[in-house]
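A.B. asks: got a predicted model here, sequence first, then my questions.
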Amino acid sequence: MAAPVLNKADGAAASARSVQSLTLGKALNLGLRAAMEADPKVLVMGEDVGKLGGVFRITDGLQKDFGEHRVLDTPLAESGIIGTAVGLAVRGFRPVCEIQFDGFIFPAFDQIVSQVAKLHARTLGRVKVPMVIRVPFGGGIGAVEHHSESPESYFAHTAGLKVVACSNAVDAYWMIQQAIRCDDPVLFFEPKRFYHSGFLKADVDTAATPAPLFASRVVRRGHTATVVAYGPSIKVALDAATAAEDEGHALEVIDLRTLSPLDLGPVFESVRRTGRLIVVSEAPAESSLTSEIAARVQQECFYSLEAPVLRVTGFDTPYPAAKLEEHFLPDLDRVLDAVDRSLAW
């Protein structure tokens, strides 16, 4: 049957129906739902993801609509969750595992680095492991120990894993679907403090063509200095760019989106124009993604740099108690101070 021909009014109405104003959390929920509708092999599993809908309600309503055989409540055993998902993945399913909080991922670390990351290479490409591990990460929610971590560098360092981080509702909706369709295992980091924040609420066009999954993106143009961030740090980077306008500075802000593989082409192009780079992350600076970015930019853009690459990060300490986290996390003042130091060099 031929596709129906729409006049301009019909097209506008159809477009309006495909656009929804969503929080990041709701965008993830709808993205998961779309992936499950498109492929019956997609399963969701984790602690309290079924009847409760997850502690952050990201999987709310999915078990009711898709059944207990596709949305599975698991025991409180992260190693068991990931190990079970490996078996499902090699048998042709596409499991999506929720790690309830970032700090809970370490009991599953052995499964992830010893099995998930290596099976494809170990079998000379004969076995694929198409699974997604969702990780709410970062601070800012006033939680107790083990509930506010930034473990992404561990996994970006591990060959065989793909690692991505969404920072807004549009990316959340599309990236979760793209990650599920990927034949490689994907660690999917989500900034939990912004799940239900009005700040990140955005119009999501569910009929649009999404950006590639493993690609960084310039989210604000500028020429004074380049600021690179990802996940929850994008907000402070954008806030810094807005504040810097008052002093006549135009900061270019780049959202990495993909942490492994890193897509640094847009970063190199930007630094060659601005001559300055500030990298922002909540993770500690030692042996981190910010270290890798600084090293790669120094190698590729050495003669374009007007100042050393500066980093604004969490401190090299265990994540502090909730009452101290505002001093631990990169904030507007620390980013603007780094910009001033770069410009004064």
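C.D. replies: On my side now, so go ahead.
A.B. asks: in the protein, where is pLDDT below threshold?
C.D. replies: Flagging of the chain using pLDDT under 70 yields the residue ranges 1-17.
A.B. asks: got the CA coordinates for the lengthiest helix in it in CSV?
C.D. replies: Ordering each helix of the chain by length in residues (DSSP state H) puts helix 24-38 first. Taking C-alpha atoms only, helix 24-38 is exported to CSV below (Å, rounded to 0.1, in the frame of the first residue of the first chain):
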residue,chain,number,x,y,z
LEU,A,24,15.0,13.2,31.4
GLY,A,25,13.5,10.4,33.4
LYS,A,26,10.3,10.3,31.4
ALA,A,27,12.3,10.3,28.2
LEU,A,28,14.2,7.3,29.3
ASN,A,29,10.9,5.5,30.2
LEU,A,30,9.5,6.2,26.8
GLY,A,31,12.7,5.2,25.1
LEU,A,32,12.7,1.9,26.9
ARG,A,33,9.1,1.4,26.0
ALA,A,34,9.8,2.1,22.3
ALA,A,35,12.7,-0.4,22.3
MET,A,36,10.5,-3.1,23.9
GLU,A,37,7.7,-2.5,21.4
ALA,A,38,10.1,-2.7,18.5
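A.B. asks: ok, the following helix or strand past that helix: who's next to it in the sheet?
C.D. replies: Counting by DSSP states H and E, the element after helix 24-38 in chain order, helix or strand, is strand 42-46. Sheet pairing here is set by DSSP bridges, and for strand 42-46 it gives strand 71-73 (parallel), strand 94-98 (parallel).
A.B. asks: outside of strand 42-46, which residues touch it?
C.D. replies: 32, 35-36, 54, 59, 62, 66, 70-74, 81, 84-85, 88, 93-100, 134, 180 (C-beta atoms under 8 Å, 6 or more residues apart in numbering). The way it works is simple: take the backbone N, C-alpha and C, and place the C-beta from them, glycine included.
A.B. asks: now with 7 Å?
C.D. replies: 32, 35-36, 59, 62, 70-72, 74, 81, 85, 88, 93-98, 100, 180 (C-beta atoms under 7 Å, 6 or more residues apart in numbering).
A.B. asks: A strand includes Phe188, no?
C.D. replies: Yes - according to DSSP: H, G, I helix; E, B strand; the rest coil, Phe188 belongs to a strand.
A.B. asks: show me this structure divided up by domain.
C.D. replies: 23-205, 217-344 (automatic domain parsing).
A.B. asks: before we move on, the earlier item: quick check: angle from the longest helix of the chain to strand 94-98?
C.D. replies: Going by axes from the mean of the first three to the mean of the last three C-alpha atoms, to 10 degrees, helix 24-38 is angled at 160 degrees with respect to strand 94-98.
A.B. asks: what comes up buried for helix 24-38?
C.D. replies: Counting neighbours by 16 or more other C-beta atoms under 10 Å, one finds that the buried residues in helix 24-38 are 24-36.
A.B. asks: Ser21 - how many residues pack around it?
C.D. replies: 10 (other C-beta atoms under 10 Å).
A.B. asks: go ahead and confirm it touches Lys201.
C.D. replies: Yes - in this structure Ser21 lies within contact range of Lys201 using C-beta atoms under 7 Å: 6.0 Å.
A.B. asks: mind naming the longest strand for this protein?
C.D. replies: When the chain is scanned for its longest strand (criterion: DSSP state E), the result is strand 277-284.
A.B. asks: now the helix or strand following that one and strand 277-284, what's the angle there?
C.D. replies: Going down the chain from strand 277-284, the next helix or strand is helix 289-301, by DSSP H and E. Relative orientation of helix 289-301 versus strand 277-284 (the same axes, to 10 degrees): 160 degrees.
A.B. asks: each with direction, which strands does the next helix or strand along the chain from helix 289-301 pair with?
C.D. replies: Proceeding N to C from helix 289-301, the next assigned helix or strand is strand 310-314, under DSSP H and E. Using DSSP bridges, strand 310-314 pairs in its sheet with strand 277-284 (parallel).
A.B. asks: send me the partner strand as CSV with only the CA atoms.
C.D. replies: C-alpha atoms of strand 277-284 as CSV (Å, rounded to 0.1, in the frame of the first residue of the first chain):
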residue,chain,number,x,y,z
LEU,A,277,40.5,24.0,27.1
ILE,A,278,38.7,23.4,30.4
VAL,A,279,37.5,19.9,31.1
VAL,A,280,34.7,19.4,33.7
SER,A,281,33.8,16.2,35.5
GLU,A,282,32.4,15.1,38.9
ALA,A,283,34.9,12.1,38.9
PRO,A,284,38.2,12.6,40.7
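A.B. asks: residue boundaries of the strands in this protein?
C.D. replies: So, for the chain - with DSSP E - the strands run 19-22, 42-46, 71-73, 94-98, 132-137, 162-165, 186-191, 202-205, 217-220, 225-229, 251-255, 258-260, 277-284, 310-314.
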